[in-house]
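*Asks:* Got a sequence here, can you model it:
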Amino acid sequence: MPGFFKNVPPDGGMSCDWEQYSTAEETRKRAKKPSETGVISMIAGEIGAVPNQRLEHEPIPENRSHSEVFGEKTPEVRLKFKRICAWVLPASTKS
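*Replies:* Purely as a prediction, here's the structure:
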């Protein structure tokens, strides 16, 4: 089960970027460990169709593409996200 579908504690949602305002490469560069970070893509309507999940665009000063998916990330929700995502940039362990 993928470990990357999780919320940011204490009250945050799952952080993501809206591709209208960011490229996959820009998203990767903003990661804490860019060389170890992969980027996936999901369609907003498919995220919203997952029960108890809500997607909101929440731009922040340093990232106007910032969005969050709110709702508990149960094993069932994470499995549904896994089924609707596609890799854009695979993760690499090379430095």
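*Asks:* Secondary structure class of the spatially most central residue of the chain, three-state.
*Replies:* Centre of the chain computed as the mean C-alpha position; nearest residue by CA atoms, centre = their mean is C16, 3.7 Å away. Assigned by DSSP: H, G, I helix; E, B strand; the rest coil, the conformation of C16 is strand.
*Asks:* how about it, what does it touch?
*Replies:* By CB atoms under 8 Å, 6 or more residues apart in numbering, the residues touching C16 are 42, 66-69. All C-beta atoms are positioned from the backbone trio N, CA, C, and that covers glycine.
*Asks:* ok, so of the residues you listed, who is nearest K33?
*Replies:* Nearest to K33 out of the contacts of C16 is H66 (CB to CB; 18.6 Å).
*Asks:* Measure how buried that closest one is and give me the count.
*Replies:* Using other CB atoms under 10 Å, H66 has 19 neighbouring residues.
*Asks:* Look up how far S35 lies from it.
*Replies:* H66 is 22 Å from S35, where distance means CB to CB, to the nearest Å.
*Asks:* Sounds good, over and out.
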